[in-house]
Every structure is written in C-alpha cells, then in structure tokens.
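S.K.: Quick one, structure for this:
(chains A and B)
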2 protein chains.
Amino acid sequence: MLAEIITIGDEILIGQIVDTNSAWMAKQLNLIGMKVKQITSVSDDAEHIMQALSEARKRAEVVLITGGLGPTKDDITKITLAKYFNMGFRRDEQTLKHVESIFERFKKPMLDINKKQADVPDGCLVIQNKNGTAPCMWFEHQGTIFVSMPGVPFEMMYLMDDEILPRLKKAFQLPVIYHKTILTVNIGESFLAQEIEEIENSLPSFIKLAYLPKLGQLRLRLSASGEDEVLLKKEVDHYAALIINKIKPFVVIDQDLPLEKALLDLMESKNITLSTAESCTGGYIAHLITQHPGCSVVYQGGAVTYSYELKESVLGVSKKTLDRYGAVSEQTVEEMALGALAHFKTDYAVAVSGIAGPDGGTEDKPVGTVWIAVAGEGKVKAKLFHFAGKRLQNIERSAVAALGMVLNLVRENRPI
Amino acid sequence: MLAEIITIGDEILIGQIVDTNSAWMAKQLNLIGMKVKQITSVSDDAEHIMQALSEARKRAEVVLITGGLGPTKDDITKITLAKYFNMGFRRDEQTLKHVESIFERFKKPMLDINKKQADVPDGCLVIQNKNGTAPCMWFEHQGTIFVSMPGVPFEMMYLMDDEILPRLKKAFQLPVIYHKTILTVNIGESFLAQEIEEIENSLPSFIKLAYLPKLGQLRLRLSASGEDEVLLKKEVDHYAALIINKIKPFVVIDQDLPLEKALLDLMESKNITLSTAESCTGGYIAHLITQHPGCSVVYQGGAVTYSYELKESVLGVSKKTLDRYGAVSEQTVEEMALGALAHFKTDYAVAVSGIAGPDGGTEDKPVGTVWIAVAGEGKVKAKLFHFAGKRLQNIERSAVAALGMVLNLVRENRPI
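M.R.: The predicted structure is shown next:
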C-alpha cells in the first residue's frame, strides 16, 4: 500500500522553513503499514500543483497534501483542488460556525475573507480541524484518496492522529501491524548487528527488524504484520526479549520514547530527583529534559558553568583541582557532579565538561574530548569520551552519553 | 533560472530523519538568484530515481541531488546516474588517494568496498569532497546540469559553499544579487507592513522586499538584482536605512544572523558579560547562546532553577517573594535576574519564569504567561508576555523575547 506526500507553499522552496511535517507523517504512515513512495514540495502555483497530483496518483493510492490553506490570495490549494477534481464550491455551515467560534474566543473581528475558510469543493468530505480555521478535506477520485490538511504542524498532527490514520486503516483494511522498539545507547550499529546476528537470522518472515541510528542512540524496531494481533504481539515480544537479554547493558527501554523521557519515567517511578552541571553542553541536557511536561517531579534544576569561576562558586569545584587538572578532566567533572548533588539537593547529578570545538582543542585534549560524571546514592562514576563531530554534534552526543550514564547508575543502584 | 533538489534515501521516506539539507540548499540557491521549483524525496530505487531525474529536467536547468552515495549496496545513486547518462565507470586516482588518506588518518583498515568510492561515471567532472569519502559528481547533459552530493549535511554544505555555488554562478552568468537582511523582534508582520508601507511602495522595481517571520522574530530581506554591484549596494543600503530609521525600536541588526549571535557580537564589542537564570525556558537560552563558538567571552554561565528551592538557594530569591507573588511574577523574575548578576558576577543577566504548559495554568496565569526580567549596569526591567502556543513554542518564544530584552537594555545603556 503506497502513499505520497505533497507539501504546498513557497516557504519550503525558498528555504525559510524546514519541512518537519513530512518526516512525521511518513513515520506515522509506516507504523500503520503504508509505505511512502515520494515526498514532493511544490510552490503555490496551480499548474504545478496539478502536475504533482497527477504524478503522485500514478504511483500511490493515497496522496496526503499539506499547506496552502490560509485565507490570503497566495494560498491556492483549495481552489486548485476544486479545479483538478472539476468541482464547484459550497459553504460548509459546520465549518463556518467553527470559524466564528474561534474568532469569538480570541475576540477578533471576523472579515469576509475569514468566512471563505468555510467554502469547500462540493464533492469532498469535510473533516473539522479543532485547532484552526482551515478545514481538512478528503477526496476520493478514481480509486485514489486525496487528503488536504493545513501545514501548521500541530493542526496537521491532530488531524492525522485523530482522523486521517484511523480512516485510512479502515478504508484499506490494512493488516494488523505490531511494533516494538528497543532503545539502546553507546553501542555501534555493526557491533550490535554482530551480537544479535543469530536472533536476527531466526526471525520468522512476518517480523522485520530495522536499525534506526541517531547520534549515539540506536533504535531497533521489530515490526510484525498479519491478521491476529494477539499472536503478533506474542511473537514480537518473544524475539524482543531475546534481543534485550543479549545486549542488556546497552538497552535503555523497550518503548519508542526519547532517551531523556525514558530516564524521567524511570526516575519518577523510583521517586528520585536529578540535577545537571553543564559546561560544554551549555544547557542542552537541561533543555532536552525540560521539553517534557511534568519533568519537574524529577528535575530540580542545574547550572551552566562556562567559566572557571562559576565552576568554583556555583558548584564548589576546588581551585586546586581546576589549576592542576584543568576544566576538562576526570577530577573536575567528578567535583562538578558532587557539587551539584550538594548544592541542588538532588538524589542524582550529572556533570559534563569537554571541548565542543571548533576551537579550544590541544594535542592532549583535541576537540571532541569530553568528560562526563554521574553521582548518586553514594556512588560517583566518570568516563572519557572522544567525539569527532562538529560543535553541535559534539554537544548532542555528549548529552546522549550523559543521559545514558545516569540511566545506568540508577539501574545499578536500583536493580528492580 | 530554475533549480530542483532531489534527495535520495529511504531514511527520509520512513520518517527516520528530517530533511534539513533541502531548506538550506534552497536558501543558498535563492541568494544567488536561482529559484527552486520543486524538492523531491525518492527512495533508493533505480527506476524511481531515473523517473525523478527525467521529470526534474523538464522543469529546471539545474538538478541538485543528495544522498545514496555510501559504500553499501543499498546506496545506488552513482550506478543509477551512470545508467541514466549511459556512461561506464573509471577509477578516479585523486579520489582514491583522498579516501586512502582518510582511512590512514583514522587508522582503520581499508576494504575493497571503500576503494569503490573512487569509481565514478566516466563522463562526469569529479569534485573532491574534503570532509568525506564520497566524491561529488557534476554532469552536464543536454543543457541541464546535474550535481550529485553526499547527504551528510556538513559534507554537502562545504561542497555547496566552496564548489557548487561558485560554479553555478559562473555557468549561468547569473546577475549580481545584493541582499540586506534586517532582523527585528517583538513586532507583528501586519503592523510592520503598515509602518513601512510608504517606503515599500517607493522601492524601485529591481529591489524586492521579503517578510520572513519566525517565532517572534521577523526578518526583512531586501534583494536587488542587476549588473552593477556598487549601484545595487548603494540603492539597497539607502532603502534599508530608511526602513531601519522608521522601525528603530524593533531592529536588532542589519545582518542575517541568529538573534543570539547578534547579541553576543554586540556584547563582545562592548566588552560586557552575560548570565542567565531560567525557569520555564529550562536551559534553552543557554543552549542557544552556547551553540556559538567563542561565546565564552561574553557568556559566563547560568542556572536552571525549576524548583522553588533552587530559586532561593542558587539565585537568592526571597522566600517571602515566592510565597507572596508566586514563581511566575514580576517580583520573582526581577529577583532572579538580580540574583544571577550578583552570584554569577556578570554585567548583565536575564531571567525567565513562566508557564510553558500544557499543565500548570490557572485562571489568573494561563499557560503561556511568561515574566522576563533583564538587569544590567544599574537597571532592571521586567515585562509580561502572553504566548499561546504549545510547550516547545512557548519555550522558544520566551527565549526570543528574553534575548530581545537584553539587546534593548544594552543599547539603552550604551547607545553608541
């Protein structure tokens, strides 16, 4: 079952915005068993849009379209779709009421141009967009389904999750798909593949294994496709357990969660708290953690200590240590972690100090040299990493390694 | 002059990675006066790749291709291009030497599969890729230029900047283009448009004005196209000065820089330092700043104080203030900013406390309520914001507003 995604709008083509929608949509479609054949970004140009629609329908049974649904005259998706399907317009009363209620809520005057948001091609199914004024439109035409959605990410996501994906599953009687994701850190792809080679070779043909690497993390995704959900789940869980058993020290969690969210969940379940002491990661670990609602149960706060002085005054690292071993050293990160524990009164603390680059490297400590320490419940552990990326990659990889070390220490201290 | 971008690889189509390359490339192409007509993502499938090439050449004179150049057998871009152009293969000695030198540098054994990186279609121009093993290939075929580049972002970026863009400018004798970008914060698009309407209407036809909004920031880009660079620069600078004069309080800088980098440059030039005290932004401001090499001249560090306790112990906010006014209040952010100044010994400090959501809102202080204070050189200013986005948007908008406030206070204190 093939789908295509078409994004409409000049913003992407002039490089003003990055198209994050398509990757998200592609992932969701894959999870329900639909493969994406092509993603196409076209401009707000009627002829070009129609050409893209015609080409997509030759290859796919579902064409998902985002963007170009605003009220201004440069947004021409709706009028172009009507033309393409040879349809007239009707005013959709339910959409009109919805648009009116939004303007009322924000106490803004409603113009004629806003009322036009409720005009839709007369042969489409209108699906209400709870989070915005542009309605979602579903067309079925000569065996192909076309769905037009707004390009605003959270409006599109809500529509996909609540409306489009369930309808697609129903329309195509897609097979039952069962996935299990195993998140690992600090293990290379080829080493991991070698470790689980035998298990991989023994997988039944209805279970596929995908390696999904991302900056120091590697997700293994087992996907089974069939008819009997209970059986699929049983089989996938069986093989997942074999894999997890084989590579236990590297496994973070057997769910598709961001690493920091898995750590937050684990620490919340154990009722323990965390603080951070960051030098080269410059607040990135704190930012990763605080993206997640409810993180404050676990995360109390932290310090970004870029200067020597703040490492001393805020974290209590001794001047002697800094002078003798330097800021990027085992001794300094250990004192940073212990200082964070003491000053921020948390159960665990993680500290990072390194050379993110591009400058600041020396022969002894080249760019990418990073020391990380984690302290908690009477233990302190420090580890040296050598990353070889650009500044931002070194920051991101350091954060992943740091989160992985906290997770491992929590597991070690609290095995059950 | 039209260009198209084709990305090759299943990673994008299964949603494993977001295609950031295309937006970056599109932006660079626009800056030299080439419009991007379409961006297409296709899978590692020879027939599909060839179809995309054929369709792209119908619309554009330049087709830029990324991805699918790895040494493993699922990477088929090179072999497909040879087939498409009906070319044989030759081993490129210069590329071979380069690949060998990379393996030597990393002290890794070189396999036959790696040597194959040096095999190229015999009718293409090989452009060396300093940062990786996959060479860049330039084809000219029946009036269209095709360029194949690796998908690794920094390899592609280096090739574009140093090799491809200069060659395209030469190949098409593109007109001279002169741009000037004016970065503004805290001003709405329609209000700004109204303010500069007269100036916009008086622009000569060879100067275009683009509005590029992004989360609380708005970039105005003046682009002039012609033959005489001196004249273009003179005219654009003239109109830029008129615009800047008209909207002065909102202008950050007349360069195309990230907001935080503009602030760092300004503070470095004045020889003053900065610290941060973040609650709801959770380290994001620190992360934005510390992405930039050399930031440590200005940025000393900061605190992420999620809990009440850390607001007291790390920043010295009084318990009385927290109890009486709450964490999200004018009084608390002012004390946070002053506390950061005192504890982190910097010339300026910025503090943020708000309700990022989705939980934690009350009737008085709904989700999106954010107080920001900036302190420096004897002054403290606090301001209340109401953002209405999702958690991450509220965090990002708060950071932009905070950086804008620091900038304004520095300008006020040091007008020259």
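S.K.: Only C-alpha atoms from now on, for both contacts and neighbour counts.
M.R.: Will do.
S.K.: Now do the most centrally placed residue in chain A against chain B, distance only.
M.R.: Residue closest to the average C-alpha location in chain A (CA atoms, centre = their mean): A:P258, at 7.1 Å. Here the criterion is CA to the nearest CA, to the nearest Å. By it, A:P258 lies 13 Å from chain B.
S.K.: do A:P358 as well
M.R.: For A:P358, the distance to chain B (CA to the nearest CA) stands at 7 Å.
S.K.: May I have the secondary structure class of that residue?
M.R.: Recorded secondary structure, A:P358: coil (DSSP: H, G, I helix; E, B strand; the rest coil).
S.K.: Equivalent analysis for A:V147, please.
M.R.: Local secondary structure at A:V147 is given as strand here, using three-state DSSP.
S.K.: Quick check: it touching A:P135?
M.R.: No - judged on CA atoms under 8 Å, A:V147 makes no contact with A:P135 at a distance of 10.8 Å.
S.K.: Between the two, which has more neighbouring residues?
M.R.: Using other CA atoms under 10 Å in any protein chain shown as the criterion, A:V147 and A:P135 rank with A:P135 on top: 27 against 21.
S.K.: For the spatially closest residue to A:T184 that is not a sequence neighbour, give me phi and psi.
M.R.: Nearest residue to A:T184, sequence neighbours excluded (CA to CA, 6 or more residues apart in numbering or on different chains): A:V251, at 4.4 Å. Per-residue torsions, A:V251: phi -80, psi 130 (degrees, to the nearest 10).
S.K.: and A:V251, what does it touch?
M.R.: By CA atoms under 8 Å, 6 or more residues apart in numbering or on different chains, A:V251 lies in contact with A:I182, A:L183, A:T184, A:V185, A:I244.
S.K.: List the residue ranges of the stretch 151-300 of chain A that fall below the pLDDT cut-off.
M.R.: Judged against pLDDT under 70, the stretch 151-300 of chain A has no low-scoring part.
S.K.: residues in it within reach of chain B, list them.
M.R.: Applying CA under 8 Å from any CA of the partner chain, we find that the stretch 151-300 of chain A lies next to chain B at A:212, A:280-287, A:290-291, A:293-294, A:296, A:299-300.
S.K.: Closest to A:T273 out of those?
M.R.: Nearest to A:T273 out of these is A:Y299 (CA to CA; 5.8 Å).
S.K.: these two touch, right, the closest one and A:S275?
M.R.: Yes - counting by CA under 8 Å, A:Y299 does reach A:S275; the two are 6.0 Å apart.
S.K.: helices or strands next to the top helix by length along chain A in the packing?
M.R.: If you go by DSSP state H, chain A has its longest helix at helix A:391-413. In terms of contacts (3 or more CA pairs under 8 Å, 6 or more residues apart in numbering or on different chains; DSSP states H and E), helix A:391-413 is packed against strand A:176-185, helix A:259-270, helix A:284-290, strand A:348-354, strand A:369-376.
S.K.: Give me the angle between it and helix A:259-270.
M.R.: Interaxial angle of helix A:391-413 relative to helix A:259-270 (axes from the mean of the first three to the mean of the last three CA atoms, to 10 degrees): 20 degrees.
S.K.: Flag every buried residue along helix A:391-413.
M.R.: Judged by neighbour count (16 or more other CA atoms under 10 Å in any protein chain shown), helix A:391-413 contains these buried residues: A:391-392, A:394-410.
S.K.: Just flag the most distant two among the contacts of A:V251.
M.R.: Taking CA to CA, the two most distant members of the contacts of A:V251 are A:V185 and A:I244; they sit 12.7 Å apart.
S.K.: Compare those two and say which is more crowded by neighbours.
M.R.: Each of A:V185 and A:I244 has its neighbours counted (other CA under 10 Å); A:V185 has more, 22 against 19.
S.K.: domain assignment for chain A?
M.R.: Domain ranges of chain A: A:2-171, A:176-253, A:259-413, per automatic domain parsing.
S.K.: Which positions in stretch A:56-70 come out as buried?
M.R.: Those would be A:56-57, A:60-70, for stretch A:56-70 by 16+ other CA under 10 Å.
S.K.: what's the answer for stretch A:223-241, then?
M.R.: For stretch A:223-241, by 16+ other CA under 10 Å, it's A:S223, A:A224, A:S225, A:L232, A:K233, A:E235, A:V236, A:D237, A:Y239, A:A240.
S.K.: Likewise for stretch A:192-208?
M.R.: Neighbour counts using 16+ other CA under 10 Å place A:L192, A:E200, A:I207 of stretch A:192-208 among the buried residues.
S.K.: Any chance of those residues in JSON lines with secondary structure as columns?
M.R.: As requested, the buried residues of stretch A:192-208 are exported to JSON lines (three-state DSSP):
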{"residue": "A:L192", "secondary structure": "helix"}
{"residue": "A:E200", "secondary structure": "helix"}
{"residue": "A:I207", "secondary structure": "strand"}
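S.K.: Out of the residues you listed, which is nearest to A:D364?
M.R.: Among the buried residues of stretch A:192-208, A:L192 lies closest to A:D364 (CA to CA), at 30.6 Å.
S.K.: out of the contacts of A:V251, who's nearest B:A349?
M.R.: A:V185 (36.4 Å).
S.K.: Go ahead and confirm the closest one touches A:L215.
M.R.: No - if you go by CA under 8 Å, A:V185 and A:L215 don't touch, sitting 9.3 Å apart.
S.K.: Now list whatever residues contact both of the two.
M.R.: Common neighbours of A:V185 and A:L215, using CA under 8 Å, 6+ apart, are A:V400.
S.K.: How about the secondary structure of A:G132?
M.R.: Three-state call for A:G132 (three-state DSSP): coil.
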